[in-house]
Every structure is written in C-alpha cells, then in structure tokens.
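**Q** Kindly return the folded structure for what I paste below:
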Amino acid sequence: MSNLVTYLLLTLLSLLILFPIYMLILRALSAPLRYIAAGQPLHPVDIQWDVFANAFTQAGLGRPMLLSFVVTMVIVIAQLLSSVLAAYRVRVPRLPGQDPHVRARHRHLAPADRGDPDRQRREHQSDERHELAAGPLTAVPGDRARHLPDPPGIPGHPT
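**A** This next block holds a predicted model:
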C-alpha cells in the first residue's frame, strides 16, 4: 500500500513538472489566432509543423545557435578538464616521485644549498634521528634543536 501511494505521488509531481513543457510545445505548434479563438484548449489547434524551420530561416537563428553550441562545448571541455585535474589532486595527495617531507626539510636552505646532495643527505639523516629520538626536543649530535630540560616532578629529571 505504501509503494502505491509513493508511486501515485511521484506520478502527480511528474505531471505537474511536465505540464508547462507540454503547454510550451502546444503553443509553439498551434496557429496563434486560431488557438486563442478556440479558447486555448489543452490540445493542438491547426498544427503548423514548419514553425521551427521558419524561425531559423526568417529570424536568422542558425549562426547564433552554432555560436552558442561552440561556446557551450568549450566551457564544458574546460570545466571537465579542470574538474578531472582537481579530482586527481584530491585523490592523490602526493605527486609521483614527490617526497612528502622535502618541502618541510629544505625550506630553511638557501637556494645555493638546495642543489648540494651532501647537505640534503645530512638533513635527511638528522630528521630520521629526530624521529627515532625519545622526545621531540631531544638533543642529537649535530642537531640544531636545543634540549629543554624536563620540568620538576617528572621522572628522570635531576632535581
């Protein structure tokens, strides 16, 4: 019973949406004066099939329609391309061959130092030692981070 009510409601809403489109086609194909004289019925009156062909030839709609089509295709292709590129970047956070820590590690290096492979290797080893250390600010030989002593009351603190 529930499905019947749902489908009946959907059918009524569909007819409500499609009715203006039906009236648009009906008014376009009917002869205007005869349609009004007949009382604007819900069926076509004196159908004229050449209405659209006459609109293209007499009003010169061919070129504007072609230009609209070309502009629409350019916009659709550009939008599709930019959407695909954005979706790829969202889905793949790192580009192929990109080390996620490269930018963070080498941000402080001067442009001349960035091409020095030994400097990059030393920085990478320093970062690895930092990650393996007991705490985030533990002093590692050769590391530039300062060791901050544990506050009083913490086990391992010499008070």
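**Q** For this protein, which segments count as strands?
**A** With DSSP state E as the criterion, the chain has no strands.
**Q** For it, which helix extends over the most residues?
**A** Using DSSP state H to define each element, the chain has its longest helix at helix 62-91.
**Q** Could you pull up the mean pLDDT of it?
**A** Mean pLDDT, taken over the full extent of helix 62-91, equals 93.
**Q** Just the buried positions in that helix, please.
**A** Of the residues in helix 62-91, none is buried by neighbour count under the rule 16 or more other CB atoms under 10 Å. C-beta: built from backbone N, CA, C; applies to glycine.
**Q** so where is this structure shaky, pLDDT-wise?
**A** Segments of the chain classed as low confidence (criterion: pLDDT under 70) are 94-159.
**Q** 80 - rerun?
**A** Scanning the chain for pLDDT under 80 picks out 1, 92-159.
**Q** Next, please give the residue ranges for the helices of it.
**A** Per DSSP H, the chain carries helices over the ranges 2-29, 32-37, 51-59, 62-91, 102-106, 117-132.
**Q** Of those helices, which is nearest residue 43?
**A** The closest of these to residue 43 is helix 2-29. By CB to CB, the value is 7.5 Å.
**Q** buried set for the closest one?
**A** In helix 2-29, counting by 16+ other CB under 10 Å, buried: 26, 29.
**Q** Show me what it packs onto, helices and strands only.
**A** helix 51-59 (3 or more CB pairs under 8 Å, 6 or more residues apart in numbering; DSSP states H and E).
**Q** burial of residue 41, as a residue count?
**A** Residues within reach of residue 41, counting by other CB atoms under 10 Å, total 10.
**Q** Tell me who's in contact with it.
**A** Applying CB atoms under 8 Å, 6 or more residues apart in numbering, we find residue 41 in contact with residue 35.
**Q** before we move on, the earlier item: turn the helices of the chain into TSV, columns for distance to residue 45.
**A** As requested, the helices of the chain are arranged in TSV below (distance: least, CB to CB, whole Å):
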stretch	distance to residue 45
helix 2-29	9
helix 32-37	5
helix 51-59	13
helix 62-91	28
helix 102-106	72
helix 117-132	83
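**Q** Endpoint to endpoint, stretch 27-46 covers what distance?
**A** 11 Å (CA to CA, to the nearest Å).
**Q** Which phi and psi values does residue 45 adopt?
**A** Main-chain dihedrals, residue 45, degrees, to the nearest 10: phi -120, psi 120.
**Q** Good, wrapping up.
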